[in-house]
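S.K.: I would like to see how this sequence folds:
(chains A, B and C)
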Amino acid sequence: MSADRAHADHTHEHPTWKQYKWVALWLFVITVLEVWAYYIPAFVASKAFVPTLLIMSAVKFTIVVMFYMHLKYDHAIFRKLFTGPLAIAGITLIAFLFLFSKVSIG
Amino acid sequence: MATSAAISTNAHAASHSSEQSGLWSWLTTVDHKRIGVLYLYTALFYLLVGGLEALLIRTQLAKPNLSVVSAEMYNQLFTMHGTTMVFLVVMPLSAAFFNYLIPLQIGARDVAFPRLNAFSYWVYALGGLFITLPIFFGLAPNGGWFGYAPLSGPTYGSGFNMDFWVLGLQILGISSLAAAFNFITTIINMRAPGMTLMRMPMFTWMSFVVQFLIILAFPVVTAALFFLQFDRFFGTNFYVTQAGGDPLLWQHLFWVFGHPEVYILVLPAFGLVSEILPTHSRKPLFGYNVMAYSGAMIGFLGFGVWAHHMFAVGMGPVADSIFSLATMLIGIPTGVKIFNWIATLYGGSLRFPTSMKFAIGLIAMFTIGGISGVMHSSPPSDLQQTDTYFIVAHFHYVLYGGAIMGIFGGIYHYFPKITGRFMNESLGTWHFWLNFIGLNLTFFPMHFSGMLGMPRRIYTYDAGQGWDLFNMISTVGTYMLLVAGFVFAYNFFTSRKRGAVAGNDPWGAPTLEWSIPSPPPEYNFAQIPEVTSRYPMWDLKAPDRTAGIAHTHADAADIAEAHAVPVHEETKRKTAKELGIPMPFPTIKPMMVALGIIILFSGLIVMHAGKFPLAMATMLGGAAFMVGSLYAWLTSPLE
Amino acid sequence: MATIAATASGAHEAHEHAHYTTTGLNHRKIAMWAFIGSECMLFGSLISTYLVYKGRSVVGPFPHEAWTSPAGQVFKPILNIPVTSMSTFVLLMSSLFMVLALAAVENRGKPGYEGLLGSSKFWLAATAAAGATFLGFQAYEFTSFVHEGLTIRTNLFGTSFYTLTGFHGTHVAVGVLWLMTMLFIDLKRGLTPKDAINIDIMALYWHFVDVVWIAIFTLVYLIK
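M.R.: Down below sits the predicted model:
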């Protein structure tokens, strides 16, 4: 347990100013790409549109959480406190989509 | 305001002279033990309220075609009975134990956020009044404890009744959520050196799981309630069919909360049973690891079964099957617990004080409730049972026979720790048997009337449908439960002053809370203990019982940082000052913030009455009071 | 009571560091992450409701399609992607400013943190300003939608849209107030590395609010 505690906040690795800049850049670039994609009617009409957009926002979500919110560098307990609820929220959301879908699958 | 404690010659009461007494000390306390006692008394009061509501319901149903109460009042009674029992009785009784026990069981001096803890209590106390007082004006919530839309909406639920319900539940949700964040932090971060998660007492383990259930489930009902509130107050379309909305959205959102809620209701009682049985079997809990994991499993799986409350709405065979399967699966970890408890008893050197009777009673009664529960898990079967008294039977067996009995057991078990005196055993035995027979008389016949088609929530019924005898028996049972309650209340109140004096460890129990005086000094532990096994007190007093269990020392750095010492019985009563232990300052600010919140919510009721200037004044006043008190709270030091 | 207080205040400095914790982590940081987990379920419910009700409005105006009312009035698709892209960009940048504010507080006095980079006041103000700008965009959006005929009770889209984005906006507003309070403290007495933990906790809240918007922007505005 003491080994755990030695790795507490004040002695862990830190993202640098450089890494913060890169995250900001990627956030900017991906957002630009998302909006750009929105204006391509052929792409919007295709089956790839929704998955692509979901993946892009998932990437943005992840880099903010991992780097800006430090989850990558912090004590494991914070990862557990976040990913558990996130998973339950996600699964429940997906369940709702199925339960309310007008397609008669259930 | 010298109290009897200060002037009494009783030896252990004299030690209280350094601690505060009087009404103001209770209003400003931030001590988890006092807050636990506040929860206990308030919740027992509401048990009486909810019980009287039940009594009126059962009197109305004793015979066909009675008119003891009007149909409208009947709706208010069954709505409030359910709401009271779930939110104002069982949850707060569990909270009483979370508050009192968790810091003691983990070797801590208080919870992580003592003032937030007080805040949670006051929000509950004031919120309880907010939702209960309306019945005296005939304005109590009347749409069922689960408030289905559109009955609870603006068209069919016009009037103030359901406003009190929607807003009252939001208020109570704030209380539970704040407490949950508090206990999660406490359990993660304030365990004594050497107390790994797998060495925590099982009550603390179950409580830990419950706090996560609370923080994950309550936000969902919060959203559902906001939607209902907006429909009622602002004319939105969340549950309005003509606009494309779906009343089933309410049901889904409510039950995503509602099912974890029932595990929130029962897991703490399971935890208490897991403390009582090993103590009075004089052997360790059988299968500790499995008990911990199955508790966590029940919590997790509990999020996947909610629509078993909706088998009759037409979700389709795929959805029905998935939820049916998940519901059956959840019976497995629950069954595992029952078997582990029985295995704990088996081969033990058994004693049967009242707490043990209640614990064993829970095992039996919960099993019956579990059997009817498994019957509901099959959709075709449930189509007959749903919305009948068969369901009422099921949930009363698990909630009364389960949660309430476990909690009573916990009260008898921990009364000596809290007050320093024993409850009377022969009165306890009377209480147990009156309860046991009473609950079976009340609820067992409901299986039959339910199967014969008696629907829930009807205010009367015609003779000749085969229901009459069962209803009469249930009503008789309810009156027996009332008598049981009086026996308990008499025992509880007289034992506080006249019960036999109890020392640190009257039962020979294994865990840390029994190493300190009864009642504990305000600082709990004069010295933080170092924990080397799951059963620290048995290591000390009955080492043969724990010989087979691994004992390891905590990290030296942790021990040094905590100034921890080996586990020992503390018998000297010193003051915190004498020991140099800093104690948090008592403060009225948490209560003031709670009051501000209640005033704010009351303003919403006034708004619904159409009195806009008064409503705005009330809301702004409440908000200002709340923010001002909160600012004062945040800028003043804890200790 | 007075004696306990006297001892406590005297001992206050001394025992500030003396509280043992099982993990070595700060209580409030643990509580904040638990709170964020809880908020995932709240926003999950709000987003689920929006998605479940997508396309079910009986009358317009609609988010991505034009609509002609029975009375003959024509409504354009009501969402304004270019404007909302701007506000999204502003909120994303606010996260960068937040992270720089935290770094400035943590590294006060260290080499490489002189000047603007090391000015926590600047970066806190920038974050608050960006948050306030985002709220300004939201206010503009809400009022222009109302002008165009979409209120919270007009249809299912109005109901679920205003509720979801309104809850999010309220969270942003609380964050802006929190930032301004921290800025005020910085101006009054200065924030030192000892305060870093409090800025860290506030930053977690702020980033989470940003991250929720990432989800909302995609699911509400970009996906039809």
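
S.K.: Stretch B:169-183 and chain A, are they touching?
M.R.: No: using C-beta under 8 Å from any C-beta of the partner chain, stretch B:169-183 never reaches chain A; the gap is at least 10.7 Å. Any C-beta I mention is one placed from the backbone N, CA and C, and that applies to glycine too.

S.K.: Please compute how far that stretch lies from its chain's middle.
M.R.: With C-alpha atoms, centre = their mean, to the nearest Å as the basis, stretch B:169-183 stands 12 Å off its chain's centre.

S.K.: What mean pLDDT does it get?
M.R.: Mean pLDDT, stretch B:169-183: 98.

S.K.: ok, now stretch B:415-435?
M.R.: For stretch B:415-435, mean pLDDT is 98.

S.K.: Also stretch B:571-584?
M.R.: 91.

S.K.: Name the next helix or strand following the biggest helix by length in chain B along the chain.
M.R.: Across chain B, the longest stretch assigned as helix under DSSP state H is helix B:247-281. Using DSSP states H and E, the helix or strand that follows helix B:247-281 in sequence is helix B:288-301.

S.K.: for whichever helix or strand comes after that next one, which positions count as buried?
M.R.: Proceeding N to C from helix B:288-301, the next assigned helix or strand is helix B:317-345, under DSSP H and E. Neighbour-count burial for helix B:317-345 flags B:319-320, B:322-324, B:326-327, B:330-331, B:333-334, B:336-338, B:340-341, B:343-345 (criterion: 16 or more other C-beta atoms under 10 Å in any protein chain shown).

S.K.: For the following helix or strand past helix B:317-345, C-alpha coordinates in PDB please.
M.R.: Elements were assigned by DSSP H and E; along the chain past helix B:317-345, the next helix or strand is helix B:354-376. Provided in PDB are the C-alpha atoms of helix B:354-376 (Å, rounded to 0.1, in the frame of the first residue of the first chain):
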ATOM      1  CA  THR B 354     -32.900 -11.300  19.700                       C
ATOM      2  CA  SER B 355     -30.500 -10.100  17.000                       C
ATOM      3  CA  MET B 356     -29.800 -13.700  16.000                       C
ATOM      4  CA  LYS B 357     -33.500 -14.500  15.800                       C
ATOM      5  CA  PHE B 358     -34.000 -11.600  13.500                       C
ATOM      6  CA  ALA B 359     -31.000 -12.500  11.400                       C
ATOM      7  CA  ILE B 360     -32.200 -16.100  11.000                       C
ATOM      8  CA  GLY B 361     -35.700 -14.800  10.400                       C
ATOM      9  CA  LEU B 362     -34.400 -12.700   7.500                       C
ATOM     10  CA  ILE B 363     -32.900 -15.800   5.900                       C
ATOM     11  CA  ALA B 364     -36.200 -17.600   6.000                       C
ATOM     12  CA  MET B 365     -38.400 -14.700   5.000                       C
ATOM     13  CA  PHE B 366     -36.200 -13.400   2.300                       C
ATOM     14  CA  THR B 367     -36.000 -16.900   0.800                       C
ATOM     15  CA  ILE B 368     -39.800 -16.900   0.600                       C
ATOM     16  CA  GLY B 369     -39.700 -13.500  -1.100                       C
ATOM     17  CA  GLY B 370     -37.000 -14.700  -3.400                       C
ATOM     18  CA  ILE B 371     -39.100 -17.700  -4.500                       C
ATOM     19  CA  SER B 372     -42.100 -15.500  -5.500                       C
ATOM     20  CA  GLY B 373     -39.500 -13.200  -7.100                       C
ATOM     21  CA  VAL B 374     -38.200 -15.900  -9.300                       C
ATOM     22  CA  MET B 375     -41.800 -16.700 -10.300                       C
ATOM     23  CA  HIS B 376     -42.200 -13.100 -11.500                       C
END
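
S.K.: Do the longest helix of chain B and chain A come into contact?
M.R.: Yes: interface with chain A: helix B:247-281 contributes B:248-249, B:252, B:256 (C-beta under 8 Å from any C-beta).

S.K.: Unless I'm misreading it, residue B:149 sits right up against residue B:239, doesn't it?
M.R.: Yes: contact criterion C-beta atoms under 8 Å: residue B:149 and residue B:239 qualify, at 3.6 Å.

S.K.: Between those two, tell me which one has more neighbours.
M.R.: Taking other C-beta atoms under 10 Å in any protein chain shown, residue B:149 and residue B:239 do not tie; residue B:149 has more neighbours (29 against 26).

S.K.: Show the contacting residues for the closest residue to residue C:59 other than its chain neighbours.
M.R.: Nearest non-adjacent residue to residue C:59, counting by C-beta to C-beta, 6 or more residues apart in numbering or on different chains: residue C:155, 5.1 Å away. Residues in contact with residue C:155 (C-beta atoms under 8 Å, 6 or more residues apart in numbering or on different chains) are B:237, B:243-244, C:57-61.

S.K.: From residue C:162, how far off is the closest residue in space to residue B:156 that isn't next to it in sequence?
M.R.: Spatial nearest neighbour of residue B:156, chain neighbours left out: residue B:150 (5.5 Å); criterion: C-beta to C-beta, 6+ apart. Distance of residue B:150 to residue C:162, computed by C-beta to C-beta, to the nearest Å: 21 Å.

S.K.: touching chain C at all, the helix or strand harbouring residue B:51?
M.R.: Taking DSSP H and E as the criterion, residue B:51 maps to helix B:32-60. No: using C-beta under 8 Å from any C-beta, helix B:32-60 stays clear of chain C, with a minimum separation of 14.6 Å.

S.K.: residues of that helix that come out buried?
M.R.: B:32-40, B:42-47, B:49-51, B:53-58, B:60.

S.K.: Can you read off the pLDDT for the residue nearest to residue C:59?
M.R.: So residue C:155 comes in at 95 (pLDDT).

S.K.: Also residue A:14?
M.R.: The predicted local confidence for residue A:14 is 72.

S.K.: got it, and residue C:70?
M.R.: Note on residue C:70: pLDDT of 92.

S.K.: Can you give me the neighbour number for it?
M.R.: If you count neighbours by other C-beta under 10 Å, residue C:70 ends up with 6.

S.K.: hmm, back to that, lowest-confidence entry in the contacts of residue C:155?
M.R.: residue C:60 (85).

S.K.: Leaving out sequence neighbours, find the closest residue to the residue in the stretch 501-639 of chain B that chain C sits nearest to.
M.R.: Closest residue of the stretch 501-639 of chain B to chain C, C-beta to the nearest C-beta: residue B:562 (3.8 Å). Once flanking residues are discounted, residue B:562 sits nearest to residue C:20: 3.8 Å by C-beta to C-beta, 6+ apart.

S.K.: so what's that neighbour scoring on pLDDT?
M.R.: As predicted, residue C:20 sits at a pLDDT of 89.

S.K.: show me the contacts for it.
M.R.: B:193, B:528, B:558, B:561-563.

S.K.: can you pull out the strands in chain C?
M.R.: C:67-68, C:74-75 (DSSP state E).

S.K.: With chain B as the reference, name the closest of those.
M.R.: Checking the strands of chain C against chain B by C-beta to the nearest C-beta gives strand C:67-68 as the closest, at 13.9 Å.

S.K.: Understood, closing this out.
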